[in-house]
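In: Here's a sequence, model it:
(one chain, ligands or ions: 1)
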Amino acid sequence: TRVGILISGRGSNMQALIRAAEAADYPAGIALVISNRADAVGLDIARQHGVPALAIPGRDFGADRAAHEAAIDAALRDAGCEIVCLAGYMRLLTPFLVHNWAGKMLNIHPSLLPAYPGLDTHARALAAGAKIHGCTVHLVTETVDDGPILAQAAVPVLPGDTEQSLAARVLAQEHRIYPAALASLTGAAAVPADRGISLINPCV
Ligand code: GRF
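Out: Next comes the predicted model:
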């Protein structure tokens, strides 16, 4: 299965997906990485792995979000992509792209949804005094950080945690569950049992 990844920045989840897909028995291959920011570090990382990487900056299209998304959609289709993974893609999608890829577009979010959709999830979890936090891979629907959940991982919130320490603990789990969720979506029959994961809980 050919997969396209949309990024905006450092691309560590993108890299986790690329690394997983480099394994011969992984049921998906990364065909293309697209960033809406030309300066995204993730573009260089993708190229270092030999993955085609393209900047399609939103600002090239001014306020015309539809034209920007049409260009992204065309690039994904030209590359033969069948599934799209959002990995730190920081631009809101319009219904155009969401509907075109319905059931075939995944997102990773740094909280245990439905808790803390939106930004600053780690600070909000700390402020709430949460004892458990984590991350979620879900199918993308028109509502931001909503949609059917494919995988989650929980981590403990520890005494003395800062936003940074908590984010790092969650990020390590993001890098585990995103490749696992993509594998279980694309290759259920061919995937070893330990990759067909719907809950990964390092707390227990
Ligand atoms: C991750 O925390 C992801 O969950 C969120 O944005 C961040 C992207 O980080 N959607 P990276 O670009 O994958 O390193």
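In: List, one by one, the residues from this structure near the ligand.
Out: 7, 9-14, 87-88, 108-110, 171, 174 (CB under 6 Å from any ligand atom). No exception for glycine: its C-beta is placed from N, CA and C like everyone else's.
In: Which single residue of this structure approaches the ligand most closely?
Out: residue 88 (2.7 Å; CB to the nearest ligand atom).
In: Look up which helix or strand that residue falls in, please.
Out: In the assignment (DSSP states H and E), residue 88 maps to no helix and no strand.
In: Name the member of the residues of the chain next to the ligand with the most neighbours.
Out: residue 14 (30 neighbours; other CB atoms under 10 Å).
In: Does that residue touch residue 7 like I think?
Out: Yes. With contacts counted by CB atoms under 8 Å, residue 14 reaches residue 7, the gap being 5.2 Å.
In: Check the contact lists of these two and give me the overlap.
Out: 33, 42, 87, 88 (CB atoms under 8 Å, 6 or more residues apart in numbering).
In: Can I get these in TSV including pLDDT?
Out: Converted to TSV, these look like this (pLDDT from 0 to 100):
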residue	pLDDT
33	98
42	98
87	98
88	97
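In: out of these, who's nearest residue 180?
Out: residue 87 (14.3 Å; CB to CB).
In: Now the residue nearest to the spatial centre of the chain. Nearest residue, chain neighbours left out?
Out: Nearest to the geometric centre of the chain sits residue 87, at 3.1 Å (CA atoms, centre = their mean). Leaving out its chain neighbours, the residue that sits closest to residue 87 by CB to CB, 6 or more residues apart in numbering is residue 13, at 4.0 Å.
In: thought the one you found was touching residue 178?
Out: Yes. Assessed by CB under 8 Å, residue 13 is found in contact with residue 178 at 5.3 Å.
In: Name the residues contacting each of those two.
Out: Residues touching both residue 13 and residue 178 (CB under 8 Å, 6+ apart): 87, 108.
In: Name the residues of stretch 119-134 that come out as buried.
Out: For stretch 119-134, burial by neighbour count (16 or more other CB atoms under 10 Å) applies to 121, 122, 124, 125, 126, 130, 133, 134.
In: which element is the fourth one on?
Out: Assessed by DSSP H and E, residue 125 sits inside helix 121-128.
In: Keeping just the C-alphas, turn that helix into CSV.
Out: Taking Å, rounded to 0.1, in the frame of the first residue of the first chain, the C-alpha atoms of helix 121-128 are listed here in CSV:
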residue,chain,number,x,y,z
THR,A,121,-2.3,19.1,25.2
HIS,A,122,0.5,18.4,27.6
ALA,A,123,0.2,21.7,29.5
ARG,A,124,-3.6,21.1,29.7
ALA,A,125,-3.1,17.6,31.1
LEU,A,126,-0.6,18.9,33.7
ALA,A,127,-2.9,21.8,34.6
ALA,A,128,-5.8,19.4,35.1
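In: what does the helix or strand containing residue 30 contact?
Out: Assessed by DSSP H and E, residue 30 sits inside strand 29-35. With contact meaning CB under 8 Å, 6+ apart, strand 29-35 is reached by 1-8, 11, 14, 17-18, 21, 42-43, 46, 49, 51-56, 72, 75-76, 79-81.
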